[in-house]
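1. give me the fold of what follows.
(2 chains)
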Amino acid sequence: MEKVLMKGNEAIGAAAIRGGCAYFFGYPITPQNEIPEYMSRELPKVGGVFLQAESEVAAINMVYGAAGAGARVMTSSSSPGISLKQEGISYIAGAELPCVIVNMMRGGPGLGGIQPGQADYFQATRGGGNGDYRHIVYAPASIQETVDIMMEAFDTADLYRVPVLVLGDGMIGQMMEPVEFREPRKRSLPSKEWTTTGTGGSRSPNIISSLRLDPVQLEELNKRLHAKYAEIEKNETRWESYKTEDAEIVFVSYGTSSRIARNALEILRADGVKAGLIRPVTLWPFPFVAFDELGTSVRALMSVEMSMGQMVDDVRIASNGRWPVGLHGRTGGMVPVQHDVVEAARTFLREVK
Amino acid sequence: MSDHKIICAGFGGQGVMSMGRLLAYTGMLQGLEVSWLPSYGPEMRGGTANCHVIVSETPIGSPIISRDASAVIALNLPSMIKFENELVPGGQLVTNSSLITANPKRTDIEVIPIAANEEAASLGSAKSANMIMLGSYLAVSSLFSVDDVAGALQKVFGPKKADLLPPNRAALARGCEVAQSVVVR
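-> Modelled structure (predicted):
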């Protein structure tokens, strides 16, 4: 298929529709407004429904309802809006429903600003809502990868009956790159026998709820959920290891900041410092196994992220004491600068000597 | 081909975003890797606008241009002041001399002053100053030919707006011509 030049936000909309999304519920917020704008224009053309809700809380509960009826449904927002949706996401996880949520992160906390950020890592990977739940978190680093992930996100959600979060940031949303819409791998999906679409008088009613007052039952649900999460960890963990074979310092970085880390890596290599990169594509499940593949050349790890240090916690867990772990973080809408990353890496390598 | 890293900047309404997008689009049609990163903020209309465009033969890392711009196309004074320091030594600064009379601080760069507003007006389309500037950049960078960019424009406009192509093409060609005469010295 021919390549087209698209803004990240519009590409998300286009890929979602190609991935079978038929319902979109959302509430406007910068820097992701081109997603609802695109969906409001394009979804009706394919017989879908776009609805601007009265609030983020309403939108996520509309997603809950549509998912319960078996629809392919999504919502999108940016950081403070995603915070408002957390209760609904926890309910959806508890009710074991599939849906896709897009967070185009901006600087926080609170209303923060509208420039790109990555400070929702804890919220995304630890669960911003209550309870023992997890959901898949994809962190694409290019518009092509965003499209590829969006096109299969609905399948993945349906396969495991879990919410899937696509975590970008203002830069991924606003920038343009060439994309190609490629058919994702076919997955065999279970039929949706659990939907509340009417019994037709021929079966007992399906019930969708996250309320389970009997602790025995509730513990059983949690055990089932966690067996499913273990399955997801086994099958869906994704990452890219780049030039790690001979690296003495390995950057760990995702999304937008991974692109800056990659530039820093090339600058360092041109100057004789062997740098490598582990780029998690799924933040949950986190690619711990990528670190077990590192060789003896590695002397240090350094997390590069747009936060004061959130993913770095997972890098420390992954390191498990094997390597010193450094951090270069910018936050509040500031994006790391490649020369600063280079300098941070040099300084850290001197410190750990 | 080494990477071309271009910052297009001016105030809102001068067409710097579409100029950058056209460069990226042309690159894509030539089978090259491209990225287009806009500034975005609450102060669009009349405020400053800029975009970072990278054209490369290899996959693009950071779409942000940071002290490694090969060219800055500045349509107004604040843009020149803000971005001249992003240029590499020997980098090209194409300035709209209709609005920028001050000299840049840098002395290790190539400056190409183009009276884009006057040139556009002489062609009878004041709004095509951005295409004059883009044409000038094409002349000094040899990144693409006027035909390459006009080909991309034809795709952008499609049959419905085909009448917009000739004046834009003329502005690109005029910018190219003017820059060639400026560069000879």
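
2. what about B:Asn130, which helix or strand?
-> helix B:129-141 (DSSP states H and E).

3. can you give me the buried ones in the longest helix belonging to chain B?
-> When chain B is parsed with DSSP state H, its longest helix is helix B:165-183. Buried positions in helix B:165-183, judged by neighbour count with 16 or more other CB atoms under 10 Å in any protein chain shown: B:167-179, B:182. Using the backbone N, CA and C atoms, a C-beta is placed for each residue, glycine as well.

4. kindly report the same for stretch B:20-32.
-> By neighbour count on 16+ other CB under 10 Å, the buried set for stretch B:20-32 is B:Gly20, B:Arg21, B:Leu22, B:Leu23, B:Ala24, B:Tyr25, B:Thr26, B:Gly27, B:Met28, B:Leu29, B:Leu32.

5. what's the answer for stretch B:138-151, then?
-> B:Leu138, B:Ala139, B:Val140, B:Ser141, B:Leu143, B:Phe144, B:Val146, B:Val149, B:Ala150, B:Gly151.

6. going along the chain, name the helices of chain B.
-> So, for chain B - with DSSP H - the helices run B:16-29, B:77-83, B:116-122, B:129-141, B:146-157, B:165-183.

7. returning to that earlier point: what angle separates the helix holding B:Asn130 from helix B:146-157?
-> Per axes from the mean of the first three to the mean of the last three CA atoms, to 10 degrees, the angle that helix B:129-141 makes with helix B:146-157 is 150 degrees.

8. CA atoms only for helix B:129-141, dumped as CSV, please.
-> Extracted C-alpha coordinates of helix B:129-141, given in CSV (Å, rounded to 0.1, in the frame of the first residue of the first chain):
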residue,chain,number,x,y,z
ALA,B,129,6.1,34.6,0.1
ASN,B,130,6.5,31.2,1.8
MET,B,131,6.9,29.5,-1.6
ILE,B,132,9.5,32.1,-2.7
MET,B,133,11.4,31.2,0.5
LEU,B,134,11.1,27.5,-0.2
GLY,B,135,12.2,28.0,-3.8
SER,B,136,15.3,29.9,-2.5
TYR,B,137,16.1,27.1,-0.1
LEU,B,138,15.8,24.5,-2.9
ALA,B,139,18.4,26.6,-4.9
VAL,B,140,20.9,26.8,-2.1
SER,B,141,20.5,23.3,-0.7
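
9. could I get the average pLDDT for it?
-> Here helix B:129-141 scores 97 as its mean pLDDT.

10. next one: stretch A:48-68
-> Here stretch A:48-68 scores 98 as its mean pLDDT.

11. for the longest helix of chain B, the distance to its chain's centre please.
-> How far helix B:165-183 lies from its chain's middle: 12 Å, per CA atoms, centre = their mean, to the nearest Å.

12. how far out from the middle of the chain is the helix holding B:Asn130?
-> Taking CA atoms, centre = their mean, the mean C-alpha location of helix B:129-141 is offset from the chain mean by 6 Å.

13. hang on, the earlier thing: looking at the buried residues of helix B:165-183, spot the one nearest chain A.
-> Distance to chain A across the buried residues of helix B:165-183 (CB to the nearest CB) is lowest for B:Asn168, with 17.9 Å.

14. next up, the contacts around the closest one.
-> By CB atoms under 8 Å, 6 or more residues apart in numbering or on different chains, the contact list for B:Asn168 reads B:Ser128, B:Met131, B:Ala150, B:Leu153.

15. quick one: low-confidence ranges for chain B?
-> Judged by pLDDT under 70, chain B has its weakly predicted residues at B:42-46, B:184-185.

16. which residues of chain B lie near chain A?
-> When proximity is defined as CB under 8 Å from any CB of the partner chain, chain B approaches chain A at B:21, B:24-25, B:28, B:33-38, B:40-42, B:60-64, B:66-67.

17. filter these down to the buried ones, PyMOL style.
-> Listed next is the PyMOL selection for buried residues among these, using 16+ other CB under 10 Å:
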select buried, chain B and resi 21+24+25+28+33+34+35+36+37+38+40+60+61+62+63+64+66
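
18. looking at the residues of chain B next to chain A, which are in strands?
-> Among the residues of chain B next to chain A, the residues falling in strands (DSSP state E) are B:Glu33, B:Val34, B:Ser35, B:Trp36, B:Leu37, B:Pro38.
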